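S.K.: Take this sequence and fold it.
(2 chains)
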Amino acid sequence: MGRGKIGIGITTATLIALCLCSVIIYAYSLFVVKPVSRVDYTIMQNTIFVKSNTGESYITFTVQNTGTVDFVIEAIILDKDVIPLPSEGMSGSTEVKVGQLSALRIPLQKKYEVGTVVNLFLKTNPPLPEAQKFVVASTPVEAIG
Amino acid sequence: MMPVNGRKLLAIIKEKYQEMDELKSLSALVVIFAMGAAFSPEFFTTQNLGLLTGQMAVVAMASIGEGLVIIMGSIDLSVGSVMGLSNVLGAIIISRYNFSAPMAMLAVATVGGFVGLLNGIAVTKGKIPSFIVTLGTLTGIRGAAYLLSGGLNIPIYEKEFLALNELVVGIPKIFWIYAGFLIALSLIFKFTKLGLYIRAIGGNEIAVRNLGVDNEGVKTLAFTLSGICSAIAGFMLGVRLGAGYPHSGLGYELDVIAAVVVGGTSLVGGTGSLAGTLIGAVIMASILNLMVLMGISAFTQYVVRGVVLMLAALAMRRMVVSIK
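M.R.: Purely as a prediction, here's the structure:
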């Protein structure tokens, strides 16, 4: 009988200690810290395609929202050329919610040379933090069709 | 005084050597260090030793808890998944909720503790073998890590958190955190009844129960400590990676078990020490480090690590047979 009583004691004591820690953390999260809002994203599968028969070009990429707030892509910047979004003939959503991915296909006016690499920036609202303003995605230019 | 002849002295030394498991592991470590010095001039550089201590601190931290569980004759396979969950959770609460590093560590340790408690209750009250219970939590907790992160990587930019990877006296701060835990738990293990009960349960659980010891409570506590240690190891992994990755810690349970076994702990329980576990973790990390320095391919590294584990298990089996 005594054994059982002590047995419950150790397990219960462990449970109480963990619950106490949970209460401290909960109180800390309520009264001490505030959620941070930060824009962050990852660009993937970024390629500029040039149609070999017509010379038309377009860029495709996927952007993943890895930050803590939703953002809107206001423009893409290819080296120094700014292309405001939404643009004519584009497909995909410029609104990217937290944790979600958005695949975009945007037609380009400028001619790009196959085999070169172009730096891709995104202009977002809200903007990237100052520390990450130099985040770029090197985008290869490839021939298609 | 009776004169002791050379053969008798040798027999006494051999007997003492057989009794001290840590001494065997330490001998293996000396051999590896000698090999390191012989095969790679970079092995004993300050930079490499700093890197080595950082690498081993993560596995060694998780090995403390796993060591307690294995000495007790059970096993905890959920170690890697708990590390993954705490890595992701730590990254979320630091980068999104602005938690300080110590509070984030307390938070992940609490979550790890709850997972361990759940394992312990399922093993003791549910009478399910620890292998099965922790296999279930291995899968479930990994799923929770993926759900929590949405399958995404969570970068951490907080300087206070990343500063834990900086060197103090040539050794990363995360190693000092581990050293603090090791000393505290070693003292508890050595000088309190809890350590005695854990070893005794591994030796003969029924006899311990008949002595009036609450073996269910002790087992639950050991699993809880394993969960806490794994969670802190996951937090340390976050410091090293500078991010929360939902797949982090994948397969770490095998590295951790290997470190415990190589450190002289018997998989059937009853024997072993936390100091031995530290030596085991250093051995495994040193072998890996040396192979990288020597330019041995990743595929060969797996084979070598497997062979080391098998040799350690074989040595332990011989020792258990000789004790019996």
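
S.K.: Roughly how far does B:L77 sit from B:T110?
M.R.: 21 Å (Cβ to Cβ, to the nearest Å). Just so you know, the C-beta spots here come from the backbone N, C-alpha and C atoms, and that holds for glycine as well.

S.K.: What of B:G116?
M.R.: Counting by Cβ to Cβ, the gap from B:G116 to B:T110 is 11 Å.

S.K.: Of those two, which one has the most company?
M.R.: B:G116 (31 against 23; other Cβ atoms under 10 Å in any protein chain shown).

S.K.: Identify the residue spatially nearest to the closest residue to chain B within chain A, adjacent ones excluded.
M.R.: The minimum distance from chain A to chain B, using Cβ to the nearest Cβ, falls at A:I10 (2.7 Å). Leaving aside its chain neighbours, A:I10 sits nearest to B:G217 (2.7 Å; criterion: Cβ to Cβ, 6 or more residues apart in numbering or on different chains).

S.K.: quick one: the one you found and A:T11 touch, right?
M.R.: Yes. Counting by Cβ atoms under 8 Å, A:T11 is a contact partner of B:G217 at 5.3 Å.

S.K.: does the residue of chain A closest to chain B belong to a helix or a strand, and which?
M.R.: Using DSSP states H and E, A:I10 sits within helix A:2-31.

S.K.: what is the mean pLDDT for that helix?
M.R.: Across helix A:2-31, pLDDT averages out at 82.

S.K.: May I have the secondary structure class of whichever residue of chain B sits closest to chain A?
M.R.: For chain B, the residue closest to chain A is B:G217, as judged by Cβ to the nearest Cβ, at 2.7 Å. Put simply, B:G217 is helix when judged by DSSP: H, G, I helix; E, B strand; the rest coil.

S.K.: Give the burial count for it, as a bare number.
M.R.: B:G217 - counted by other Cβ under 10 Å - has 23 other residues nearby.

S.K.: I'd like the distance between it and B:V133.
M.R.: 17 Å.

S.K.: Same check on A:T42?
M.R.: A:T42 is 37 Å from B:V133, by Cβ to Cβ.

S.K.: Which one of the two is surrounded by more residues?
M.R.: Higher neighbour count among A:T42 and B:V133: B:V133, with 24 against 16, using other Cβ under 10 Å.

S.K.: Can you say which helix or strand has the more buried one in it?
M.R.: Here B:V133, judged by DSSP H and E, is contained in helix B:130-149.

S.K.: and that helix, what does it pack onto?
M.R.: helix B:79-95, helix B:101-124 (3 or more Cβ pairs under 8 Å, 6 or more residues apart in numbering or on different chains; DSSP states H and E).

S.K.: so what pLDDT did B:V82 get?
M.R.: Looking at B:V82, the pLDDT reads 97.

S.K.: need the contact list for it.
M.R.: B:G112, B:V115, B:G116, B:T137, B:I141, B:G227, B:S230, B:A231, B:G234, B:G249 (Cβ atoms under 8 Å, 6 or more residues apart in numbering or on different chains).

S.K.: 7 Å instead, please
M.R.: Residues in contact with B:V82, defined by Cβ atoms under 7 Å, 6 or more residues apart in numbering or on different chains, are B:G112, B:V115, B:I141, B:G227, B:S230, B:A231, B:G234.

S.K.: And the longest strand along chain A, what's buried?
M.R.: Across chain A, the longest stretch assigned as strand under DSSP state E is strand A:41-51. For strand A:41-51, the neighbour count (16 or more other Cβ atoms under 10 Å in any protein chain shown) marks A:Y41, A:T42, A:I43, A:N46, A:I48, A:F49, A:V50 as buried.

S.K.: The third one touches A:T139, doesn't it?
M.R.: Think A:I43. No. Contact criterion Cβ atoms under 7 Å: A:I43 and A:T139 do not qualify, at 8.6 Å.

S.K.: what sits in contact with each of these two?
M.R.: A:L120.

S.K.: and the nearest residue to B:K173 once chain neighbours are set aside, how many neighbours?
M.R.: The spatially closest residue to B:K173, leaving aside those adjacent along the chain, is B:L164, at 4.7 Å (Cβ to Cβ, 6+ apart). B:L164 has 18 neighbouring residues, counting by other Cβ under 10 Å.

S.K.: Give me the secondary structure label for B:L164.
M.R.: Under three-state DSSP, B:L164 comes out as helix.

S.K.: What is the end-to-end distance of stretch B:238-254?
M.R.: Chord length of stretch B:238-254, first to last residue, is 19 Å (Cα to Cα, to the nearest Å).

S.K.: buried set for it?
M.R.: B:238-241, B:243-249, B:252-253.

S.K.: follow-up on the earlier one: the contacts of B:V82 into JSON lines, with extra columns for pLDDT and neighbour count?
M.R.: Output for the contacts of B:V82, formatted as JSON lines (pLDDT from 0 to 100; neighbours: other Cβ atoms under 10 Å in any protein chain shown):
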{"residue": "B:G112", "pLDDT": "97", "neighbour count": "33"}
{"residue": "B:V115", "pLDDT": "97", "neighbour count": "28"}
{"residue": "B:I141", "pLDDT": "96", "neighbour count": "28"}
{"residue": "B:G227", "pLDDT": "97", "neighbour count": "32"}
{"residue": "B:S230", "pLDDT": "97", "neighbour count": "37"}
{"residue": "B:A231", "pLDDT": "97", "neighbour count": "32"}
{"residue": "B:G234", "pLDDT": "96", "neighbour count": "33"}
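
S.K.: out of these, which one sits closest to B:V58?
M.R.: B:G234 (8.4 Å; Cβ to Cβ).

S.K.: now for the helix or strand harbouring that closest one, which elements pack on it?
M.R.: Per DSSP H and E: B:G234 is located in helix B:215-241. Judged by 3 or more Cβ pairs under 7 Å, 6 or more residues apart in numbering or on different chains; DSSP states H and E, the packing partners of helix B:215-241 are helix A:2-31, helix B:46-71, helix B:79-95, helix B:101-124, helix B:173-191, helix B:193-203, helix B:205-210.
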